[in-house]
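Asker: what follows is a predicted structure for the sequence shown.
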Amino acid sequence: MTQIRISIAPPLREIAGPAVDWVWRQALTTLGYRWREVAPGEPCDVAYVVDCDQRVPAAIAIVASYDRWRSPSRYRLHSFTAGEPFPLLRFENEPDRRTPLERRGSALWIHRDVLFDLFWFLTGQEERTWPQDPHGFYTLPAPWLESQALEQAPVSAIVEGLGALLRQGGVGQPLPRWPHGKRAALALTHDVDYPEVIRWLEPLRILLRQGLRGVAPAWDVLSGRRNHWAFADWMAFEERYGVRSAFYFVARQGSLIEYARGLPDPFYDVTSPRFRALFRTLIEGGWEVSMHASYLAYASRERFAAEKRRLEEAAGAPIFGNRHHYWHMNPADPEETLQLHAEVGLLYDTSLTHDRYLGWRRGSATPFFPLAQKSGREIDVVQLPVAWMDAQLMQRRDWAQARRETAVAALVDRTATYGGLFVANVHDYVFDERLFPGWRAALRAALDRILARGDFWTATPAAIARHWRERYEALLNASVGLKEGR
């Protein structure tokens, strides 16, 4: 396993040591390299410097932006376009740097702080300035939408560009990213929001969605011939693709009255005999039972932990993963909620995405360990980034079904390009094509694409998170330095 020698300029350590170490750890472990930190001025493979005029005994020198690291939150995205070896990223009120590479003798100089770019995207620096609706859902600014930045996975693009330059510099082969020689990975997930229909209410919802075409399926629901209890159907469907998904259940039982008052927790009871039997069936079959933290679970560590214990007792098994209902983390401070995941003992979370926008919210198509910026500490819970949720496509009424399926296939291919993880989120209740036309079809298109490619490792989210943690720890334990904030 190759070891990269790396040096960090002392001024960077003085102003942002933990953050600099954290972003280097995420990048190098994603690429599969262990490292040894050496003193500035010593021969090395990569020197992270602040002076573009100095002489460094390095194969690659990356020029850091001292000003950016000193005040990262003031930068706003102006434009983002794909490019080689790195995407072309420009912030507002900054010059356009389109020639970032320079060869000086045997050394390659990168005149752009790609490590800051990674930090800026992965920590959501600009998010805190965006408008939010009452649920905390963001409205993306025009530059993000026009450039389709989220769908391009900019963090993964930068990491892979850096990896290509390292390999060109002769650093050797990295540790494989995924098992069995696979290029990418798939995790299929379902939010269990509405498994038991309210028979007098659901027909009205069907008519609102489908108009007159919904009369027949609405009658089927009213008369009891159709419902949302589709777990056996999902299991049979996934069995044909050789997939085992995760189902995320809400342990707190809400009510229709609460829903009308703005607290939209589901209405089912995970401790009922019906759900206990379901949990046994899922677990015995190799599926994963995980947690869908309630709408306000983030507001109290005790509430969050109690929900986890309640679901574990009902399932008769430990709970390793979570996704927040309505993606509802602390709207003012998502990192506070991410830290809560570690405090209640989760292995992974998969809540960092946007409700309306396709693509990777923090720009990474690969798992990562988030940073708690206030403390400068790495959060010891694997974040599995979501690429796509069903409603993001189906809410686009102006899109034909073929366009939706093409968009999903493009995300699959981009995941493979960057050696990433494709996390799909399809709600439990949309299996029936008569009730939700086209919703499952988009997932089928994604799975058909993945099956045809043949280069995806498929596993439950918990298995993928466990693999990522073990690989991360192996690389970290075999490395020296870059340990601030651990």
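Answerer: Alright, I've got the coordinates.

Asker: pLDDT value on residue 346, please?
Answerer: On pLDDT, residue 346 comes in at 98.

Asker: quick one: it and residue 320 touch, right?
Answerer: Yes. Contact criterion C-beta atoms under 8 Å: residue 346 and residue 320 qualify, at 6.8 Å. The way it works is simple: take the backbone N, C-alpha and C, and place the C-beta from them, glycine included.

Asker: now residue 109: which helix or strand?
Answerer: If you go by DSSP states H and E, residue 109 is part of strand 107-110.

Asker: equivalent analysis for residue 78, please.
Answerer: In this assignment (DSSP H and E), residue 78 forms part of strand 77-81.

Asker: if we can go back for a sec, and the following helix or strand past the strand holding residue 109, what does it pack onto?
Answerer: Counting by DSSP H and E, the next helix or strand C-terminal to strand 107-110 is helix 114-122. Where contact means 3 or more C-beta pairs under 8 Å, 6 or more residues apart in numbering; DSSP states H and E, helix 114-122 is packed against helix 10-31, helix 66-70, helix 154-168.

Asker: and the average pLDDT for the longest one is what?
Answerer: Right, helix 10-31. For helix 10-31, mean pLDDT rounds to 97.

Asker: and it, what's buried?
Answerer: Going by neighbour count (16 or more other C-beta atoms under 10 Å), the buried part of helix 10-31 is 12, 16-31.

Asker: just want the angle from it to helix 154-168.
Answerer: Using axes from the mean of the first three to the mean of the last three C-alpha atoms, to 10 degrees, the inter-axis angle of helix 10-31 relative to helix 154-168 is 90 degrees.

Asker: in terms of secondary structure, what does the next helix or strand after helix 10-31 contact?
Answerer: Using DSSP H and E, the helix or strand that follows helix 10-31 towards the C-terminus is strand 34-37. For strand 34-37, the packing partners by 3+ C-beta pairs under 8 Å, 6+ apart come out as strand 3-8, helix 10-31.

Asker: which one of these lies nearest to residue 159?
Answerer: The closest of those to residue 159 is helix 10-31. By C-beta to C-beta, the value is 5.3 Å.

Asker: how far does the closest one sit from its chain's centre?
Answerer: How far helix 10-31 lies from its chain's middle: 21 Å, per C-alpha atoms, centre = their mean, to the nearest Å.

Asker: what about dumping the CA coordinates of the worst-scoring helix or strand of the chain on mean pLDDT to PDB?
Answerer: Counting by mean pLDDT, DSSP states H and E, the chain has its least confident helix or strand at strand 88-91, which shows a mean of 88. C-alpha atoms of strand 88-91 as PDB (Å, rounded to 0.1, in the frame of the first residue of the first chain):
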ATOM      1  CA  LEU A  88     -13.500  25.200 -13.100                       C
ATOM      2  CA  LEU A  89     -14.700  26.800  -9.900                       C
ATOM      3  CA  ARG A  90     -15.000  30.500  -9.600                       C
ATOM      4  CA  PHE A  91     -16.200  32.500  -6.600                       C
END
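
Asker: hmm, residue 349 is touching residue 320, no?
Answerer: No. Using C-beta under 8 Å as the test, residue 349 is too far from residue 320 to be in contact (10.2 Å).

Asker: of the two, who's got more company?
Answerer: residue 349 (27 against 21; other C-beta atoms under 10 Å).

Asker: who touches the more buried one in this structure?
Answerer: In this structure, residue 349 makes contact with 321, 322, 323, 338, 341, 381, 382, 383, 384, judged by C-beta atoms under 8 Å, 6 or more residues apart in numbering.

Asker: right, and out of those, which lies closest to residue 433?
Answerer: Within those, proximity to residue 433 (C-beta to C-beta) peaks at residue 323, which comes in at 24.7 Å.

Asker: please report how far the residue lying closest to residue 233 once chain neighbours are set aside lies from residue 226.
Answerer: Nearest in space to residue 233, with sequence neighbours left out and distances taken as C-beta to C-beta, 6 or more residues apart in numbering, is residue 431 at 5.0 Å. Using C-beta to C-beta, to the nearest Å, residue 431 is found at 11 Å from residue 226.

Asker: swap in residue 220?
Answerer: Counting by C-beta to C-beta, the gap from residue 220 to residue 226 is 4 Å.

Asker: list the residues that contact both of those two?
Answerer: Residues touching both residue 220 and residue 226 (C-beta under 8 Å, 6+ apart) are residue 434.

Asker: now the helices for the stretch 351-486 of the chain?
Answerer: Using DSSP state H, counting those that start in this stretch, the helices of the stretch 351-486 of the chain run over residues 390-394, 401-417, 439-453, 461-477.

Asker: and for residue 330, the neighbour number?
Answerer: Look at residue 330: counted by other C-beta under 10 Å, it has 16 neighbours.

Asker: ditto for residue 76
Answerer: The tally of other residues near residue 76 (other C-beta under 10 Å) stands at 14.

Asker: that one reaches residue 92, doesn't it?
Answerer: Yes. Counting by C-beta under 8 Å, residue 76 does reach residue 92; the two are 4.5 Å apart.

Asker: neighbours of residue 295, how many?
Answerer: Number of residues near residue 295 (other C-beta under 10 Å) recorded here: 22.

Asker: mind checking the SS state of it?
Answerer: Under the three-state scheme (DSSP: H, G, I helix; E, B strand; the rest coil), residue 295 adopts coil.

Asker: would you confirm that it contacts residue 263?
Answerer: Yes. Between residue 295 and residue 263 a contact is recorded at 6.0 Å, counting by C-beta under 8 Å.

Asker: need the overlap of contacts for the two.
Answerer: residue 254.

Asker: what number of residues lie near the nearest residue to residue 17 once chain neighbours are set aside?
Answerer: Here the nearest residue to residue 17 in space, its sequence neighbours aside, is residue 484; by C-beta to C-beta, 6+ apart that works out to 4.8 Å. Neighbourhood size, residue 484 [other C-beta under 10 Å]: 18.

Asker: quick check: pLDDT value at residue 484.
Answerer: On the pLDDT scale, residue 484 is placed at 94.

Asker: surely it is in contact with residue 16?
Answerer: No. Using C-beta under 8 Å, residue 484 makes no contact with residue 16, being 9.6 Å away.

Asker: contacting residues around the residue nearest in space to the middle of the chain?
Answerer: The residue lying closest to the centre of the chain (C-alpha atoms, centre = their mean) is residue 385, at 0.9 Å. For residue 385, the contacting residues are 350, 352-353, 360-362, 364-368, 421, 423, by C-beta under 8 Å, 6+ apart.
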